[in-house]
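K.L.:
Here's a sequence, model it:
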Amino acid sequence: RKRAKVSIGIHDLDNVEPPFTYKAVRPDEISFVPLGKNEMMNLQEILEKHEKGIEYRYILEGKEKYPIILDRRGQVLSFPPIINGELTLVTEKTKNIFIDVTGTDFHAISGTLNIVATALAEWGSNIESIVLDGEECIVTPDLEPRRMILHVEDCNKHLGLDLDGEAIAQCLEKMGYGCQCEGNVIEVLVPATRMDILHPVDLIEDVAIGYGYESFGGVLPRCQTIGSERPVEKASSLLRDIMIGHGYLEVTTLTLSSPREQFEKMRIEAGESVEILNPISEDHTCLRTHLLPSLLSLLKKSKHRDLPQRVFEIGDVVIGTKRRKHIAAVSLHAKAGFTEMKSIVESILRDCQIEFVLKPASLGMYVDGRQAFVLRGDEIIGHFGEIHPEVLTNFTLAYPAVAMEFDLETLLAGKLERII
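P.N.:
The predicted structure follows:
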């Protein structure tokens, strides 16, 4: 979650003196040398000047005081969740490590600490506990296993097996659990490091793994069917050949995107998009509604490659709640112009035997007067044009670019059987 939920700090324990104090201070109250620097900065200066401060300062926006971890002598170990102090830098000579895990969800904090501590223990370290003296006294890390109940009937129902309690317990023990079987009820001891076990069905999944997927066997279908490639996929293959013939390289990008990339960077009005409930990062918070932002992001990462760069993608977008197949292409080089992309569009439509007309467009992503809608009858099936300089700047691209995007299913409506 970009440190907004949990952040981890690892320190050279021999350079500081416990006990440690975790408290909130004013931004200008304390100064220290942050990791990777050689000058003293207060907390506000770190947020304004340090690379990590700039990257993660959004977490502390609107807060009057900031968290800090100090040792007995008032030396700064960490300014969580932003940066550690240079004082506790871990080197190849470090022998004793102090781990701090801070965040907004105690379950996530405790589980993260358990994972880090036991991982170090597996490498030969000894784990020592810390007493947290706050509203209540807590000893960490807490490696006491959680207890869950698994019913034999539920397990067999989900897996389609007929195992008794002892056999299920053996499968779980292979996966690192402790088990106590009493009749058709199994008490399972879940290791403190298994944060992913939230429900009995998660235990059932591990029973299947312990049992062995290869042991489930196979069953022949009860009815005979003949599969075939969908017409839209056949058409997609044809369009791939056309684009490759024009010198374009096919790419595949993530379906996940963000409203900022889909709308703000493209200079178009924000539209409806399907949002992700628990995104793994701020860059992947929704399902994309256009392909072009994904292609421009890819070109941003390929700036070190030689020009010209010509890429295309045939992929899924989500409009409202429906998945649609789109085709998009971008050409990036010093002489990229409207006529270049117009000739590509006309070639594609000619090869697909589609009658069309061009109509001036006014999309924010393109340069005014250098863009067009493609209409089939009265229906807009796509657009193309020269990418607006502001959009190029938003994606840190230094050369002109032209692009196009079509709704493939609308483009080929009524034509699929003919062209394939």
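K.L.:
rest of the way, CA atoms for contacts and neighbours
P.N.:
OK.
K.L.:
contacting residues around the residue lying farthest from the centre of the chain?
P.N.:
Within the chain, the residue lying farthest from the chain centre (C-alpha atoms, centre = their mean) is Gly183, at 43.6 Å. Neighbouring residues of Gly183 by C-alpha atoms under 8 Å, 6 or more residues apart in numbering: Gly165.
K.L.:
Swap in 10 Å and give it another go.
P.N.:
151-152, 164-166 (C-alpha atoms under 10 Å, 6 or more residues apart in numbering).
K.L.:
Same check on Ala192?
P.N.:
Contact analysis of Ala192 by C-alpha under 10 Å, 6+ apart lists 110-115, 118, 141-146.
K.L.:
swap in Gly160?
P.N.:
Contact partners of Gly160, counting by C-alpha under 10 Å, 6+ apart, are 154, 216.
K.L.:
again, 7 Å this time
P.N.:
By C-alpha atoms under 7 Å, 6 or more residues apart in numbering, the contact list for Gly160 is empty.
K.L.:
So for it, what pLDDT did the model give?
P.N.:
Per-residue pLDDT puts Gly160 at 90.
K.L.:
and Ile149, how far is that from Ala169?
P.N.:
As defined by C-alpha to C-alpha, to the nearest Å, Ile149 lies at a distance of 12 Å from Ala169.
K.L.:
Sorry, wrong one. I was asking about Lys63.
P.N.:
The gap separating Lys63 from Ala169 is 50 Å, by C-alpha to C-alpha.
K.L.:
For the closest residue to Glu29 other than its chain neighbours, grab the count of nearby residues.
P.N.:
Distances taken as C-alpha to C-alpha, 6 or more residues apart in numbering put Asn42 closest to Glu29, at 7.2 Å, once the chain neighbours are dropped. When neighbours are counted by other C-alpha atoms under 10 Å, Asn42 registers 16.
K.L.:
for Thr225, helix, strand, or coil?
P.N.:
With DSSP: H, G, I helix; E, B strand; the rest coil as the basis, Thr225 sits in coil.
K.L.:
From Glu55, how far off is it?
P.N.:
Using C-alpha to C-alpha, Thr225 is found at 55 Å from Glu55.
K.L.:
Quick check on these two: which one has the bigger neighbour count.
P.N.:
Applying other C-alpha under 10 Å to Thr225 and Glu55 shows that Glu55 carries more neighbours, namely 13 against 7.
K.L.:
helix or strand for that one, which one?
P.N.:
According to DSSP states H and E, Glu55 maps onto helix 51-56.
K.L.:
what pLDDT, on average, does that helix get?
P.N.:
Rounded mean pLDDT across helix 51-56 is 90.
K.L.:
in it, what's buried?
P.N.:
By 16 or more other C-alpha atoms under 10 Å, the buried positions in helix 51-56 come out as 52-53, 56.
K.L.:
Which strands or helices does that helix pack on?
P.N.:
Packing partners of helix 51-56 (3 or more C-alpha pairs under 7 Å, 6 or more residues apart in numbering; DSSP states H and E): helix 43-49.
K.L.:
buried sites along the helix it packs on?
P.N.:
For helix 43-49, a neighbour-count test (16+ other C-alpha under 10 Å) marks 43-44, 46-47 as buried.
K.L.:
out of those residues, who's nearest Thr410?
P.N.:
Leu47 (49.0 Å; C-alpha to C-alpha).
K.L.:
can you tell me which residues contact that closest one?
P.N.:
Counting by C-alpha under 7 Å, 6+ apart, the residues that Leu47 touches are 53-54, 57.
K.L.:
Between Ile149 and Ala169, which is the more surrounded one?
P.N.:
Remark: of Ile149 and Ala169, Ala169 carries more neighbours, 24 against 16, as counted by other C-alpha under 10 Å.
K.L.:
Report the secondary structure state of that one.
P.N.:
On the three-state scheme (three-state DSSP), Ala169 is labelled helix.
K.L.:
where does Lys415 land on pLDDT?
P.N.:
With respect to pLDDT, Lys415 scores 62.
K.L.:
need the contact list for Pro27.
P.N.:
Contacts of Pro27 (C-alpha under 7 Å, 6+ apart): 42-44, 65-66.
K.L.:
Make JSON lines out of those and add distance to Trp123 and pLDDT.
P.N.:
Listed next are those as JSON lines, based on distance: C-alpha to C-alpha, whole Å; pLDDT from 0 to 100:
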{"residue": "Asn42", "distance to Trp123": "37", "pLDDT": "94"}
{"residue": "Leu43", "distance to Trp123": "35", "pLDDT": "94"}
{"residue": "Gln44", "distance to Trp123": "38", "pLDDT": "94"}
{"residue": "Lys65", "distance to Trp123": "38", "pLDDT": "94"}
{"residue": "Tyr66", "distance to Trp123": "35", "pLDDT": "95"}
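K.L.:
and which of those is nearest to Pro360?
P.N.:
Pro360 lies nearest to Gln44 out of those, by C-alpha to C-alpha, at 50.1 Å.
K.L.:
Pretty sure that closest one sits against Ile30.
P.N.:
No - counting by C-alpha atoms under 7 Å, Gln44 does not reach Ile30; the two are 9.6 Å apart.
K.L.:
about what we covered before: the contacts of Gly183 in strands, which ones?
P.N.:
Using DSSP state E, the subset of the contacts of Gly183 located in strands is His151.
K.L.:
closest to Gln262 among the contacts of Pro27?
P.N.:
Nearest to Gln262, judged by C-alpha to C-alpha, of the contacts of Pro27 is Gln44 at 32.3 Å.
K.L.:
nearest residue to that closest one other than its sequence neighbours?
P.N.:
Using C-alpha to C-alpha, 6+ apart and skipping the chain neighbours, the partner closest in space to Gln44 is Pro27 (5.1 Å).
K.L.:
doesn't the one you found fall inside a helix?
P.N.:
No - Pro27: not assigned to a helix; according to three-state DSSP it is coil.
K.L.:
any idea how far it lies from Lys5?
P.N.:
Plainly put, Pro27 is 21 Å away from Lys5 if you go by C-alpha to C-alpha.
K.L.:
Output the longest helix belonging to this structure.
P.N.:
If you go by DSSP state H, the chain has its longest helix at helix 106-122.
K.L.:
how far does it sit from the chain's center?
P.N.:
Relative to its chain's centre, helix 106-122 lies at 22 Å (C-alpha atoms, centre = their mean, to the nearest Å).
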